[in-house]
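*Asks:* take this sequence and fold it.
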Amino acid sequence: MTDPVYPRTTPEIAKRRKELAPATHDAFENFSRAVFADGALPEKTKQLIAVAVAHVTQCPYCIDGHTKLAARKGNTPEEIMEAIWVAAEMRAGGAYAHSTVALHALDGSAPGN
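*Replies:* Model (predicted):
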């Protein structure tokens with residue numbers, strides 16, 4: 001397979017995105033800077049969280065960008081992979097936890113039954 005599934009972002013795409021909604025674009029950029037600024041959690045930790053969340057939301061652009069940022073902020077490949085495994089467990093855990101809904105439905109004890 002030689003064609004990428006997702007198109008690469010380019011400076012032209014970024015410029016067009018900003019042209020189409022400049023105020024919203026700027027607000028998002030400011031929000032992002034505020035979220036990732038050092039606070040109670042250092043940016044290093046926040047980038048590690050972002051890597052995990054990006055894997056749960058399955059955003060390839062976020063995975064790429066935040067993985068690179070996490071490494072630049074000092075996270076090791078081992079820390080990054082552990083964060084990904086935490087995300088995988090949480091995603092699987094959601095299915096496990098929601099089996100309660102299915103079991104109540106099977107027993108006829110679901111809300112509304």
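
*Asks:* going by C-alpha atoms from here, please, whenever you check contacts or count neighbours.
*Replies:* Noted.

*Asks:* please name the residues that touch the residue most central in space within the chain.
*Replies:* Of all residues in the chain, the one closest to the mean position by Cα atoms, centre = their mean is residue 54, 2.1 Å from it. Neighbour list for residue 54: 60, 62-63, 66 [criterion: Cα atoms under 8 Å, 6 or more residues apart in numbering].

*Asks:* the same query, at a cut-off of 6 Å, please.
*Replies:* 62-63 (Cα atoms under 6 Å, 6 or more residues apart in numbering).

*Asks:* ok, now how distant is it from residue 22?
*Replies:* Distance of residue 54 to residue 22, given as Cα to Cα, to the nearest Å: 25 Å.

*Asks:* in the one helix or strand residue 93 maps to, what's buried?
*Replies:* In this assignment (DSSP states H and E), residue 93 forms part of helix 77-107. Within helix 77-107, the residues that count as buried by 16 or more other Cα atoms under 10 Å are 80, 83-84, 86-88.

*Asks:* nearest to residue 103, of those residues?
*Replies:* residue 88 (23.3 Å; Cα to Cα).

*Asks:* ok, and the closest non-adjacent residue to residue 36?
*Replies:* residue 43 (5.6 Å; Cα to Cα, 6 or more residues apart in numbering).

*Asks:* break the chain down into its structural domains.
*Replies:* 9-38, 42-113 (automatic domain parsing).

*Asks:* got these as a markdown table, with mean pLDDT and distance to residue 3 columns?
*Replies:* Formatted as a markdown table, the domains of the chain follow (pLDDT from 0 to 100; distance: least, Cα to Cα, whole Å):
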| stretch | mean pLDDT | distance to residue 3 |
| --- | --- | --- |
| domain 9-38 | 97 | 15 |
| domain 42-113 | 94 | 15 |
